[in-house]
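> the following comprises the amino acid sequence and a computationally predicted model.
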Amino acid sequence: MSVDGHHHPAPMSPVEQRVAALQALLIERGLVPEGFIEEITHRYESEIGPMNGAKVVARAWVDPGYKQRLLAEGTAAIAELGLGGAEGDHMVVVENTPAVHNVIVCTLCSCYPWPVLGLPPAWYKDAPYRARMVREPRTLLAEMGCQLPGDTEIRVWDSSAEVRYLVLPERPPGTEGMTEAELAGLVTRDSMIGVARL
Amino acid sequence: MQGFGAVGHSPAEPAFHDRWEAVARALVVAVSSAVEASGGEFRHSIERMEPGHYLTSSYYEHWLTAAATLAVEHGLVTRSELEVRAGGRFPLSGPVLAPPVADAGPDIDEPRFGPGDRVRVRDWHPPGHTRCPRYVRGKTGVVVRVDGVHSVPDVEAHGAARRREPTYSVKFDAADLWGDGQRGVSVHADLWDSYLERP
Amino acid sequence: MSTPLSLSDLDLPRRNGELVFDAPWQSTAFALAAAVVEHAFGGDREPFRQQLIKAIAADPGRPYWESWTAALEALVQTLPDPGPAAVSGG
């Protein structure tokens, strides 16, 4: 608040000004319906996120038939749970085993399976991750806290076309008695990208 | 975030609109017949405007800039002549970057490769848009999955033509990609059919 | 790789344990791109994706959402300008 009692907002940074100019132009062109921005923001901040992918994983852990369908045809199996939409039209689910560890990346931009994981975290979109995960995954995974036995096979999936990937992490031991909902609560976003194990 | 509302577009009076529109139209007609430019070239010239200029200028100024840019590029007038007459800076559009694809070629409906096939990625560096990651160009891998038919981004980027092709997941041994002896690591890239050839 | 916490961060929604957007201009830029894709390209994400790839390649060190904004600007520039009649509503 300034001395004259009026609230002066902080000056906009150059990129904020550019976004404001775009917003004005696009509204003028009739491309932004009333409430659209708020609705999209709310959807991706609250409704679409890794809790969705966690449900897919938990279902695959408790239901072997579902798991089979999920690995054979990811998009349809994910749709069984009512999930799908932008950036999820061509889903492939890759399974971690004691011998194999999967991890996803998009070296060209930031492709990511939105319907099951929401929007990607900043590190996923930044140059070091995008360059290093295809170059030295074992080292990078260890740096990110994912230590793997030396003989674990690592499979890196670069989402360079239309397919979007989801990692199916291994079910942790000692979870036999848990309900599906409890299991879903164990599944982290990072385990479904493949930079962590559970 | 507060909405910023529509741009404060308020023609001072109807005559201003009509005069500007008449000038813009006359310029476009004059330049297009003088240089035999098409509507596509004008539109492309508008696309080449510096974004800050584009976003902060009116429809009329877009067309004025397009007409002036084409006039300069086709040798009708020089930039400095424009600036002398305008009495100051006369921003033009940026240069043409990638040539349009003349012929997209036919769709490829049937995959040329199947799972297990060894394939090599063409070692080719297209000037325009491509979705072939650099690190796999010239490298040999194995098809692990055949995915659906999709529009080739390289073709789509350069105009209205479209070509659809199968896509594949191709597995590369990391040691082959990087020559550093790392073991037990494979990298899969998803690639369009025309990116690949038999080794 | 977390940003330093400031008072304004406390006002931004945190879901999934982490901020989805660091500032409102980012969520606006995201939603505007969604609007253009849906309403000017019939849901085809490919033209925007190409601009994003190009923007990132043009300046790999640039922060992601600034590249996103540059991509959106470039995409908007490919839309046909409305005619004067459209702008004035006549």
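That came through, no problem.
> please make it C-alpha for all contacts and neighbour counts, starting now.
OK.
> for chain B, which helix is longest?
Secondary structure of chain B per DSSP state H: the longest helix is helix B:14-35.
> dump the C-alpha coordinates for the least confident helix or strand in chain B by mean pLDDT into CSV.
Lowest by mean pLDDT, DSSP states H and E among the helices and strands of chain B is helix B:14-35, with a mean of 76. What follows is helix B:14-35, C-alpha atoms only, in CSV (Å, rounded to 0.1, in the frame of the first residue of the first chain):
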residue,chain,number,x,y,z
PRO,B,14,-16.2,5.9,-38.8
ALA,B,15,-14.1,7.8,-41.3
PHE,B,16,-10.9,6.7,-39.7
HIS,B,17,-11.8,3.1,-40.1
ASP,B,18,-12.7,3.6,-43.8
ARG,B,19,-9.6,5.6,-44.6
TRP,B,20,-7.3,3.1,-43.0
GLU,B,21,-9.1,0.2,-44.6
ALA,B,22,-8.9,1.9,-48.0
VAL,B,23,-5.2,2.5,-47.6
ALA,B,24,-4.5,-1.0,-46.5
ARG,B,25,-6.5,-2.5,-49.3
ALA,B,26,-4.9,-0.3,-51.9
LEU,B,27,-1.4,-1.1,-50.7
VAL,B,28,-2.1,-4.9,-50.8
VAL,B,29,-3.5,-4.7,-54.3
ALA,B,30,-0.7,-2.5,-55.6
VAL,B,31,2.0,-4.7,-54.1
SER,B,32,0.4,-8.0,-55.0
SER,B,33,0.0,-7.1,-58.6
ALA,B,34,3.5,-5.5,-58.8
VAL,B,35,5.2,-8.6,-57.4
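> and the next element down the chain from the longest helix of chain B?
Helices and strands here follow DSSP states H and E; after helix B:14-35, the next one along the chain is helix B:39-47.
> any bit of that next one sitting next to chain C?
Yes. Counting by CA under 8 Å from any CA of the partner chain, chain C is contacted by helix B:39-47 at B:43, B:44, B:46, B:47.
> quick check: the third one touching residue B:63?
When you say that, I think you mean residue B:46. Yes. The pair residue B:46 / residue B:63 is scored as a contact, 7.2 Å apart, by CA atoms under 8 Å.
> of these two, who's got more company?
Ranked by neighbour count (other CA atoms under 10 Å in any protein chain shown), residue B:46 and residue B:63 place residue B:46 first, with 28 against 22.
> what's the separation between that one and residue B:66?
In this structure, residue B:46 and residue B:66 are 6 Å apart, going by CA to CA, to the nearest Å.
> same question, residue C:28
Applying CA to CA to residue C:28 and residue B:66 gives a distance of 30 Å.
> residue ranges with poor pLDDT in chain A?
Along chain A, segments meeting pLDDT under 70 span A:1-7.
> okay, domains of it per the record?
A:14-45, A:49-193 (automatic domain parsing).
> and the gap between the one residue sitting closest to the centre of chain C and residue C:54?
Centroid-nearest residue in chain C, with CA atoms, centre = their mean: residue C:29, separated by 3.1 Å. Per CA to CA, residue C:29 is found 17 Å from residue C:54.
> I figured residue B:95 hits residue B:48, correct?
Yes. Assessed by CA under 8 Å, residue B:95 is found in contact with residue B:48 at 6.9 Å.
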